[in-house]
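Participant: okay, structure incoming, though there's no sequence with it:
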């Protein structure tokens with residue numbers, strides 16, 4: 001598929017002569033990945049003209065999501081976003097493909113999909129958008145956004161707002177930037193250990209031993225598999241086999257974790273760890289509004305030996321997932337907030353930045369099920385696909401809402417190519 005770049009432009013977010021405003025990153029921003037996350041939306045025709053979509057994007061950024069078009073100064077111990085003063089803005093690329101979108105469906109995550117969005121390895125801006133038109137009028141919208149500016153909840157709100165403004169509608173979820181919930185306790189109360197859990201121990205603040213587990217593999221050896229689980233399979237096959245009640249995420253992650261472990265060929269006594277992202281908006285008391293723009297995510301942890309995971313059955317694995325996630329409650333988030341205040345001048349490095357792109361025997365799971373990505377709508381055509389473009393991190397699992405069926409779930413799993421082929425054959429087996 002030959003993608004022809006036609007033109008590029010930058011949506012300016014401020015006047016070059018305006019006074020810059022510095023917004024220090026919160027502890028949750030500093031815990032977020034220091035990289036761009038790329039997603040693709042595919043729409044069948046008819047779709048509004050590129051100029052109308054870009055005009056709506058400009059309004060969405062300037063009126064409601066200005067931080068997405070800011071600059072990031074990460075060279076200091078306490079990095080910050082900079083609004084104003086020039087140099088900020090969002091990159092917009094327009095491209096074309098001389099073929100019909102229908103011929104390329106279903107769109108699946110792969111290295112080839114990276115041609116539908118600007119580069120993540122050398123990004124020009126914190127937000128980058130590519131509009132790729134097909135001969136039939138279909139459109140693929142590829143977006144990369146820096147994770148330290150916004151988490152999944154924030155980005156899904158942005159996409160919905162962009163679509164509503166393109167359709168001439170008022171946005172129904174007004175973005176919020178109030179961070180009064182981030183106010184630390186006095187004195188700070190660090191109830192949990194965060195050095196070595198969220199952040200790499202840094203002397204003299206912590207002398208806790210931290211093993212370096214840098215495992216690298218050539219990214220091209222990693223395949224992304226999209227597993228489709230119907231509502232009927234989840235309810236009638238997975239949940240119906242259990243005596244306890246679990247959420248869809250708990251039972252499906254437990255199922256995938258066990259399949260992941262099986263195809264990797266790990267030894268019975270080896271330990272496999274699971275890291276699961278937890279949205280703090282509903283965990284904090286009082287809750288933080290879903291409309292908050294920024295980052296408010298911490299990871300839960302769970303583990304088991306391979307023998308315990310496989311011999312304990314689906315219920316045992318689901319129980320481990322549930323217990324790990326439930327530990328990340330209001331008290332835990334408050335402890336993280338106090339930690340961020342106590343060490344705001346320290347160099348905070350997330351623990352996963354000391355890992356490579358080969359997580360085996362471990363995994364990391366992210367759920368996008370509670371977000372509204374599937375509601376992005378410019379008017380006219382139907383949303384035919386929504387996927388991460390390509391994730392070259394072995395062991396990463398992402399849960400996506402199915403566009404084909406209410407209650408269905410698509411699970412993107414990144415694995416070594418040989419393991420991915422095996423996973424395809426056992427992904428729906430119950431043993």
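Facilitator: Here it is on my side, so go on. In this text, all values refer to a predicted model and were calculated from it rather than measured experimentally.
Participant: and residue 162, how many residues sit next to it?
Facilitator: A count of nearby residues for residue 162, using other CB atoms under 10 Å, gives 25. Backbone N, C-alpha and C define where each C-beta goes, glycine included.
Participant: do you know how far it is from residue 411?
Facilitator: Spatial separation of residue 162 from residue 411 under the definition CB to CB, to the nearest Å is 26 Å.
Participant: which SS class is the nearest residue to residue 372 once chain neighbours are set aside?
Facilitator: Among residues not flanking residue 372 along the chain, residue 156 sits closest, at 4.7 Å (CB to CB, 6 or more residues apart in numbering). Here residue 156 is recorded as helix under DSSP: H, G, I helix; E, B strand; the rest coil.
Participant: neighbours of residue 301, just the number please.
Facilitator: Using other CB under 10 Å, residue 301 has 14 other residues around it.
Participant: do the one 3 residues further on as well
Facilitator: Residue crowding around residue 304 was assessed by other CB under 10 Å; the count is 20.
Participant: help me confirm that it comes into contact with residue 271.
Facilitator: Yes: at 7.2 Å, residue 304 and residue 271 qualify as touching, with contact defined as CB atoms under 8 Å.
Participant: pull the contacting residues for the nearest residue to residue 207 once chain neighbours are set aside.
Facilitator: Spatial nearest neighbour of residue 207, excluding adjacent residues (CB to CB, 6+ apart): residue 201 at 6.9 Å. Contacts for residue 201 (CB atoms under 8 Å, 6 or more residues apart in numbering) come out as 195, 207-210.
Participant: filter those residues to the buried ones?
Facilitator: If you count burial by 16 or more other CB atoms under 10 Å, the buried members of the contacts of residue 201 come out as residue 195.
Participant: now intersect the contacts of residue 201 with the strands, please.
Facilitator: In strands, defined here by DSSP state E, there are no members of the contacts of residue 201.
Participant: contacts only, for the nearest residue to residue 234 once chain neighbours are set aside.
Facilitator: Distance criterion CB to CB, 6+ apart; nearest residue to residue 234, sequence neighbours excluded, is residue 248 at 5.8 Å. The contact partners of residue 248, by CB under 8 Å, 6+ apart, come to 234, 239, 369, 407, 409.
Participant: got a markdown table for the residues you listed, with distance to residue 295 too?
Facilitator: Shown next, in a markdown table, are the contacts of residue 248 (distance: CB to CB, whole Å):
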| residue | distance to residue 295 |
| --- | --- |
| 234 | 29 |
| 239 | 32 |
| 369 | 19 |
| 407 | 29 |
| 409 | 24 |
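Participant: residue 345 contacts residue 78, correct?
Facilitator: Yes: counting by CB under 8 Å, a contact exists between residue 345 and residue 78, whose distance comes to 6.0 Å.
Participant: tell me which of those two has more neighbours.
Facilitator: Counted by other CB under 10 Å, residue 345 and residue 78 do not tie: residue 78 has more neighbours, with 16 against 9.
Participant: and the more buried one, that one's in a helix?
Facilitator: No: per three-state DSSP, residue 78 lies outside any helix segment and is coil.
Participant: correct me, but it touches residue 24?
Facilitator: Yes: at 5.6 Å, residue 78 and residue 24 qualify as touching, with contact defined as CB under 8 Å.
Participant: what's the overlap in contacts for these two?
Facilitator: Counting by CB under 8 Å, 6+ apart, the contacts common to residue 78 and residue 24 are residue 344.
Participant: reformat the contacts of residue 201 into TSV and put pLDDT next to each item.
Facilitator: Listed next are the contacts of residue 201 as TSV, based on pLDDT from 0 to 100:
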residue	pLDDT
195	95
207	76
208	77
209	78
210	76
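Participant: phi and psi next, for the residue nearest to residue 340 when sequence neighbours are not counted.
Facilitator: For residue 340, ignoring the flanking residues on the chain, the nearest one in space by CB to CB, 6+ apart is residue 27 at 2.6 Å. Note on residue 27: backbone dihedrals following degrees, to the nearest 10 are phi -60, psi -30.
Participant: which per-residue confidence value corresponds to residue 27?
Facilitator: For residue 27, the pLDDT comes out at 97.
Participant: which helix runs longest in this structure?
Facilitator: helix 248-264 (DSSP state H).
Participant: let me see the contact set for the residue nearest the centre of the chain.
Facilitator: The residue lying closest to the centre of the chain (CA atoms, centre = their mean) is residue 152, at 5.3 Å. Contacts of residue 152 were listed using CB under 8 Å, 6+ apart, and they are 279, 297, 366, 368, 371.
Participant: what's the distance between the third one and residue 59?
Facilitator: Read that as residue 366. From residue 366 over to residue 59 (counting by CB to CB), the distance is 30 Å.
Participant: pick out whichever of those two has more residues nearby.
Facilitator: When residue 366 and residue 59 are compared for neighbours, residue 366 comes out ahead with 20 against 14, by other CB under 10 Å.
Participant: partner strands of whichever strand or helix holds the more buried one, parallel or antiparallel?
Facilitator: Residue 366 belongs to strand 363-367 when elements are defined using DSSP states H and E. Applying DSSP bridges, strand 363-367 is found paired with strand 271-279 (parallel), strand 396-401 (parallel).
Participant: please identify the most buried of these.
Facilitator: Highest mean neighbour count among the strands paired with strand 363-367 (mean count of other CB atoms under 10 Å): strand 396-401, with a mean of 22.
Participant: what's the first helix or strand after it?
Facilitator: Heading C-terminal from strand 396-401 (DSSP H and E), you reach strand 409-416.
Participant: what angle sits between the following helix or strand past that next one and helix 248-264?
Facilitator: Next in sequence after strand 409-416, counting helices and strands by DSSP H and E, comes helix 417-426. Helix 417-426 runs at 120 degrees relative to helix 248-264, counting by axes from the mean of the first three to the mean of the last three CA atoms, to 10 degrees.
Participant: helix 417-426: how far from the chain's middle?
Facilitator: 24 Å (CA atoms, centre = their mean, to the nearest Å).
Participant: what residues of that helix count as buried?
Facilitator: Within helix 417-426, the residues scored as buried using 16+ other CB under 10 Å are 419-420, 422-423.
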